[in-house]
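*Asks:* Predicted model and sequence follow; I will ask about them next.
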Amino acid sequence: MVNIIYPMGALAVICAVLALVMLFSKDALTCAMSLLGILLSTAAIYGLIGAHFVATIQLVVYAGAIMVLFIFSIMLLNLKKLGTDFTLFSPRFLIAAVSGLSLVGIGAWAILGWSPVERDQWSNDAMLAAGGNTQVLAHSLFTQHGIAFEAVSLALIIALIGAVTLAKRKFN
Amino acid sequence: MMSQAHLPQVLALFLFVVGMLIVLLRRNTIVLLMGIELMLNAANLSLVAFARASGQLDGQVMVFFVITIAAAESAVGLSILVNLYRNFGSINTDQAKTLQG
């Protein structure tokens, strides 16, 4: 078994740095590009874990469609000057930073105390024998989760109609 | 000890908290929406890693649904943003205070 923790660690460091860039950057396009980098690194982590179908969906839907929407909005609204954003070392920022850091600390402490139980119903070998990640996932999606699948497609079309209506209407 | 089951969880926690700080601190609506996407992405990462660690597939199916709903959410959010810009001439959250009373 190849040890995947080193490439995963490198991707995790990239993700963390880009997330901090997103938090502190004044430029909306820089934030969008950092988010794109995070999404691509996450897709790579999914691939390393063995979730190939989710990695592909992440690339196509998240890094493709959603990021195009964001960048198109930035272009449409011509966001060059962002005006006043948050100020460093204001009480609000300090409270948020301290509570965020303590949340990360407590959570990491809890996670590192967790010992995973290897049940491995779907180990990599079992997955390959059953036809690969995509086939197994698709079978589960259309049998066990069929109703949820249809409900999600309905929600998607309603949301798109709602988005078009919202963008067309002029409120007074 | 950090193993390959723990590392994605710690990363997901960090990304979630940074996304939450973006939503809490930033004043720019489009960056706020990106913070929401970052939090959803962190939750997805946690679900996939737990699915891997426990040898189940339900987590990955759930991620598929979450990504679909996230696409719908960002479409609605960005159309609200376009409307906000049309009405207030700015996408700063400070400008949109009609309901403040």
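*Replies:* Everything's here; your move.
*Asks:* how many neighbours does the residue of chain B found nearest chain A have?
*Replies:* For chain B and chain A, the shortest gap (C-beta to the nearest C-beta) falls at B:Ala72, measuring 3.4 Å. Where C-beta positions appear, they are placed from N, C-alpha and C, glycine not excepted. Neighbourhood size, B:Ala72 [other C-beta atoms under 10 Å in any protein chain shown]: 18.
*Asks:* now it, what's its secondary structure?
*Replies:* Per DSSP: H, G, I helix; E, B strand; the rest coil, the local secondary structure of B:Ala72 is helix.
*Asks:* ok, the residue lying closest to A:Ala130 once chain neighbours are set aside to B:Met62 distance?
*Replies:* Counting by C-beta to C-beta, 6 or more residues apart in numbering or on different chains, A:Ala130 lies nearest to A:Val136, which is 5.1 Å off, once chain neighbours are set aside. Distance of A:Val136 to B:Met62, computed by C-beta to C-beta, to the nearest Å: 15 Å.
*Asks:* got a list of what residue 47 touches?
*Replies:* Just so you know, I chose chain A. Shown in contact with A:Gly47 (C-beta atoms under 8 Å, 6 or more residues apart in numbering or on different chains): A:Ala55.
*Asks:* wrong chain, I was asking about chain B
*Replies:* Here B:Leu47 is in contact with B:Gly59, B:Gln60, B:Met62, B:Val63, B:Val66 (C-beta under 8 Å, 6+ apart).
*Asks:* repeat for B:Gly77
*Replies:* B:Leu33, B:Ile36.
*Asks:* swap the cut-off to 7 Å and go again
*Replies:* B:Gly77 is in contact with B:Leu33, counting by C-beta atoms under 7 Å, 6 or more residues apart in numbering or on different chains.
*Asks:* pLDDT below threshold where in the chain?
*Replies:* Just going to use chain A. Applying pLDDT under 70 to chain A picks out residues A:1-2, A:80-84, A:118-121, A:170-172.
*Asks:* my bad, the chain I had in mind was chain B
*Replies:* B:1-2, B:101.
*Asks:* Now do the helices in it.
*Replies:* B:6-25, B:29-54, B:58-88 (DSSP state H).
*Asks:* Now that we have those helices, can you turn them into CSV and tack on distance to A:Ile74?
*Replies:* Shown next, in CSV, are those (distance: least, C-beta to C-beta, whole Å):
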stretch, distance to A:Ile74
helix B:6-25, 16
helix B:29-54, 6
helix B:58-88, 10
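*Asks:* Compare these and give me the one nearest A:Ile66.
*Replies:* Among the helices of chain B, the nearest to A:Ile66 by C-beta to C-beta is helix B:58-88 (5.0 Å).
*Asks:* Tell me the buried residues in stretch A:20-38?
*Replies:* A:21-25, A:28, A:31-38 (16 or more other C-beta atoms under 10 Å in any protein chain shown).
*Asks:* Make JSON lines out of these and add secondary structure and distance to A:Asp125.
*Replies:* As requested, the buried residues of stretch A:20-38 are exported to JSON lines (DSSP: H, G, I helix; E, B strand; the rest coil; distance: C-beta to C-beta, whole Å):
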{"residue": "A:Val21", "secondary structure": "helix", "distance to A:Asp125": "39"}
{"residue": "A:Met22", "secondary structure": "helix", "distance to A:Asp125": "38"}
{"residue": "A:Leu23", "secondary structure": "helix", "distance to A:Asp125": "41"}
{"residue": "A:Phe24", "secondary structure": "helix", "distance to A:Asp125": "44"}
{"residue": "A:Ser25", "secondary structure": "coil", "distance to A:Asp125": "44"}
{"residue": "A:Ala28", "secondary structure": "helix", "distance to A:Asp125": "46"}
{"residue": "A:Cys31", "secondary structure": "helix", "distance to A:Asp125": "42"}
{"residue": "A:Ala32", "secondary structure": "helix", "distance to A:Asp125": "40"}
{"residue": "A:Met33", "secondary structure": "helix", "distance to A:Asp125": "39"}
{"residue": "A:Ser34", "secondary structure": "helix", "distance to A:Asp125": "37"}
{"residue": "A:Leu35", "secondary structure": "helix", "distance to A:Asp125": "36"}
{"residue": "A:Leu36", "secondary structure": "helix", "distance to A:Asp125": "34"}
{"residue": "A:Gly37", "secondary structure": "helix", "distance to A:Asp125": "33"}
{"residue": "A:Ile38", "secondary structure": "helix", "distance to A:Asp125": "31"}
